[in-house]
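Enquirer: my questions are about this predicted structure, shown below with the sequence.
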Amino acid sequence: MKKNIAIVVLLNVLAVVAFHLWWPSGTTPSFSEQKMKELRLAYAKKQDKAVDHSKFEVLQKRFDHPQQVTEACISCHQERHTEVMKSNHWNWEREEYIEGRGVTYLGKKNMLNNFCIGATGNEQACAKCHVGYGYEKEEAFFASSKNVDCLSCHNNHEAYVKTGGWGNPGGQVDLAAVAQTVGKPTKANCGTCHFMSGGGNNVKHGDLETAQLDCSREVDVHMASDGVNMECTACHTAENHNIKGKLYSLSSENTNRATCQDCHTSVAHQDEMLNTHAAKVSCQACHIPEYAKVNATKMTWDWSTAGKLKDGKPFETVDADHNHDYMSIKGSFTWAKNVKPEYVWFNGTADHYMFGDQVDTLSPIQVNRLHGSFTDGQIIPVKVHRAKQPYDPVHKLLIQPYVYSPEKGHGAYWTDFDWKQASQKGQQQLGLPFSGQVAFARTEMYWPINHMVSPKDQAVGCAECHTRQDGRLASLPGFYMPGRDTTAGLDLFGQWLLLLSAAGVGGHAFLRWFTRGRRHTSHHA
Amino acid sequence: MKREVYIYPRFERFWHWAQSLLIALLALTGFEVHGSYTLLGYRHAVRVHEWSAWALMALIVFAIFWHFTTGAWKQYIPTRRNLIEQLRYYTHGIFVGAPHPVRKTVRRKMNPLQVWVYLSLKVLFIPLMVGSGLLYMGYRFMYGGQLQGLSFVDLGSVAFLHTLGAYLLLQFVLVHVYMTTTGHTLTANIRSMITGYELLEEDTPAEETSEEGPLRQSIQEELIQR
């Protein structure tokens, strides 16, 4: 009787196991699903504009200079310009604490990258992605609040383009018409600079591009027009023009970040196994299986091949997707679409190559270095942009060449194709020495991938990392991962153990069969 | 004189087969989790592995209870008596038709070699697997909506012990299954583990008292009565 009870209890245990294994999960909405529903409802609501700026007299006049528009803005939105003037969008730098450097002002002014290398000396063109007018007189520019370009972020008018040089709007722009449309920044506002950074669509980021203005959920669940269709500002919220979120191509500190957890909380899954992964794995690592899903992004840039001429003239060639794969002025490029990210440990802090930093190691130079390890970091997906770029082997400095000049004979690389002159001039502008020698150093730039989140059923599966060979995390160091790792020699030992045991058993069985005639059946009958 | 004796009571048989099924499941899924092959898919392998682990642990709890309440644990008291003879039998005697050195009785179901092997399984290898397995599963866990971790646990070492144990256990299974064929017929041992009955020499009361003493009398009587 007691035994029967024990058996019944055990059968019940097994039934419970079977139930959990095979019962279809999610027949009732779980807590996290309910939460997602609420989020969807909250963010799918499109807000109407609070006011119609076209009704305001102060904007119903002719503006001869963009600065006049700014004055009109300030006349109602008093002191808001001071907030903008504290922001990195205005200053092109951030005040940040970097381990080993102390408090540092870091930005495009004193950093270089491995695309066009640097903005310094090229402001006439580069300032079109700047929230100000009239960058040519730098001191005067930063002093005057009238130079704040409110329209660049707040215009809801397609005709506003900053093609006038030094951050000014093009001459054909009807400033009054543009000013009357102002409102909250839209994807198109942010995208003008952030989709087009590097001089073309999706060149730099890989996960931010014009396709996201109107895309499907497969491309980006958040920005999809057949989904919640969120604006950038839904996550990148701002208080007093201090916008949440930043990218470690330029940033260094673990502050003021926009995170998935802001909305989704840190316990986002039904499955505890997945929640525990969050200790070491970022949301992005699994939920962005690939980037550059619509248009290709630039993966490599080799400056060392620049300067080839056809009939004495520079030329360009394009690849199958009509992206440049060679330009005499810039060198060779490769592009890629639907790219699987690489993965690194990241603790939220970074360091950057700053003008004048000496680098010995050429294997390769990390233009921005993401810090972190298994102990203090999380696994994040990154796009790594690899390049070969000019380097002074004597002074051990990366070179920022002087590239652009409207006419020949000034030593600009893009007109004269002479590395030595261009380097001489470029380094001189930065106040750095130049030895007269130009080599090409291999460099890497790390772009954390945060956008183009896929629908959840397309998230990276377990076995894409938990696999012995060629997994996504195959080369990520510092920890033991089941499925990927094993202890050296253990499997060999185990396999030999089993093999020898099998051989022993087989031999024993064979001997028994061979000697079967000798048995005295009497012992067994 | 031989007769069919009820040697494996119902729970013991259930325990044996449930355990073998669970260990098979655990081995199958465990080596997939280890990365040796792909079978169920990683996620399913992990799930099946975890649930079979919990089921096996529940079974172990019941089995421990059973062993102590029935006194069956006394079967596992190790002895050196006849150990060498038993080894000699498997390496020599079995080929020349020598008799089993130890007579199987209800009170002594296992030969001395078996006792040592099963005892070490019970007190060494199963605890190693359960212990390392629990650490493997629980070195990170959710508690109160927060992720907690056992900082003293190095997953690499835990996984090493667990995998090493798994290989040893697999080897045990391999040899164990083979050894079942060494009964008086090839399938006699398996048959008796299914039906509970085995053809044994009849115990004589005199032998019982002389060999085993009165200690186990009550249990044996209970078993024999069935």
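Expert: Yep, it's here. Predicted model, so just to flag it, every value in this text is computed and none were measured. Numbers count the residues shown, from 1 in each chain, chains lettered A, B, ... in the order given.
Enquirer: drop to CA atoms for contacts and neighbour counts, all remaining ones
Expert: Noted.
Enquirer: quick one, what contacts residue 194?
Expert: Using chain A. When contacts are counted by Cα atoms under 8 Å, 6 or more residues apart in numbering or on different chains, residue A:194 touches A:208, A:209.
Enquirer: meant chain B actually
Expert: By Cα under 8 Å, 6+ apart, the contact set of residue B:194 is residue B:13.
Enquirer: can you give me the distance of it to residue B:178?
Expert: According to Cα to Cα, to the nearest Å, residue B:194 and residue B:178 sit 17 Å apart.
Enquirer: same check, this time on residue A:458
Expert: Residue A:458 sits 46 Å away from residue B:178, going by Cα to Cα.
Enquirer: and these two? which has more neighbours close in?
Expert: Using other Cα atoms under 10 Å in any protein chain shown as the criterion, residue A:458 and residue B:178 rank with residue B:178 on top: 16 against 13.
Enquirer: how many other residues sit next to the nearest residue to that one once chain neighbours are set aside?
Expert: In space, and not counting its chain neighbours, residue B:178 is closest to residue A:505: 6.8 Å by Cα to Cα, 6 or more residues apart in numbering or on different chains. The criterion is other Cα under 10 Å. On that basis, residue A:505 has 18 neighbouring residues.
Enquirer: which bits of the stretch 401-525 of chain A sit near chain B?
Expert: For the stretch 401-525 of chain A, the residues in contact with chain B (Cα under 8 Å from any Cα of the partner chain) are A:462-463, A:466-468, A:479-487, A:490, A:494-495, A:497-498, A:501-502, A:505, A:511-512, A:515-516, A:518-521, A:523-525.
Enquirer: quick one: stretch A:139-148 to chain centroid distance?
Expert: Average the C-alpha atoms of stretch A:139-148, do the same for its chain, and the two points are 31 Å apart (Cα atoms, centre = their mean, to the nearest Å).
Enquirer: show me what counts as buried in stretch A:121-138.
Expert: A:121, A:123-135 (16 or more other Cα atoms under 10 Å in any protein chain shown).
Enquirer: so the lengthiest helix in chain B, near chain A or not?
Expert: In chain B, assigned by DSSP state H, the helix with the most residues is helix B:42-70. Yes - using Cα under 8 Å from any Cα, helix B:42-70 reaches chain A at B:42, B:43, B:47, B:48, B:51, B:52, B:55, B:58, B:59, B:62.
Enquirer: now the fifth one: how far from residue A:176?
Expert: Separation of residue B:51 from residue A:176 (Cα to Cα): 69 Å.
Enquirer: kindly report the same for the second one.
Expert: Going from residue B:43 to residue A:176 by Cα to Cα gives 60 Å.
Enquirer: could you do the last one as well?
Expert: Applying Cα to Cα, the value for residue B:62 to residue A:176 is 84 Å.
Enquirer: repeat that for the third one.
Expert: Going from residue B:47 to residue A:176 by Cα to Cα gives 64 Å.
Enquirer: which one of those two has more residues nearby?
Expert: Per other Cα under 10 Å, whichever of residue B:47 and residue A:176 has more neighbours is residue A:176, with 18 against 15.
Enquirer: and the residue nearest to residue A:329 when sequence neighbours are not counted, what is it in contact with?
Expert: Closest residue in space to residue A:329, ignoring its immediate chain neighbours: residue A:414 at 5.0 Å, by Cα to Cα, 6+ apart. By Cα under 8 Å, 6+ apart, residue A:414 lies in contact with A:329, A:330, A:403, A:404, A:405.
Enquirer: in which helix or strand would I find the first one?
Expert: Okay, so that is residue A:329. Counting by DSSP states H and E, there is no helix or strand that carries residue A:329.
Enquirer: shouldn't it be in contact with residue A:418?
Expert: No - using Cα atoms under 8 Å, residue A:329 makes no contact with residue A:418, being 10.5 Å away.
Enquirer: shared neighbours of these two, anything?
Expert: Counting by Cα under 8 Å, 6+ apart, the common neighbours of residue A:329 and residue A:418 are residue A:307.
Enquirer: these two: which is more packed in?
Expert: Each of residue A:329 and residue A:418 has its neighbours counted (other Cα under 10 Å); residue A:329 has more, 22 against 14.
Enquirer: where does that one land on pLDDT?
Expert: Looking at residue A:329, its pLDDT is 94.
Enquirer: what do you get for residue B:142?
Expert: So residue B:142 comes in at 69 (pLDDT).
Enquirer: before we move on, what about the one 4 residues further on?
Expert: As predicted, residue B:146 sits at a pLDDT of 69.
Enquirer: how far away is whichever residue of the stretch 201-350 of chain A sits closest to chain B from residue A:269?
Expert: Chain B sits closest to residue A:276 of the stretch 201-350 of chain A, with a gap of 6.3 Å, by Cα to the nearest Cα. For residue A:276, the distance to residue A:269 (Cα to Cα) stands at 10 Å.
Enquirer: okay, those two: which has more neighbours?
Expert: Neighbour count, other Cα under 10 Å: between residue A:276 and residue A:269, residue A:276 has more, with 21 against 17.
Enquirer: determine the number of other residues adjacent to the residue of the stretch 51-200 of chain A found nearest chain B.
Expert: For the stretch 51-200 of chain A, the residue closest to chain B is residue A:99, as judged by Cα to the nearest Cα, at 26.3 Å. Residues lying near residue A:99 (other Cα under 10 Å) number 13.
Enquirer: and it, what pLDDT?
Expert: Looking at residue A:99, its pLDDT stands at 85.
Enquirer: residue 164: what's it in contact with?
Expert: Using chain A here. Going by Cα under 8 Å, 6+ apart, residue A:164 touches A:170, A:171.
Enquirer: could you do chain B instead?
Expert: Shown in contact with residue B:164 (Cα under 8 Å, 6+ apart): A:490, A:494.
Enquirer: assign it to helix, strand or coil.
Expert: Here residue B:164 is recorded as helix under DSSP: H, G, I helix; E, B strand; the rest coil.
Enquirer: chain B contacts on the stretch 251-400 of chain A?
Expert: Taking Cα under 8 Å from any Cα, the part of the stretch 251-400 of chain A that reaches chain B is made up of A:267, A:272, A:275, A:276, A:279.
Enquirer: apply 10 Å and report the result again.
Expert: A:266, A:267, A:272, A:273, A:275, A:276, A:277, A:278, A:279 (Cα under 10 Å from any Cα of the partner chain).
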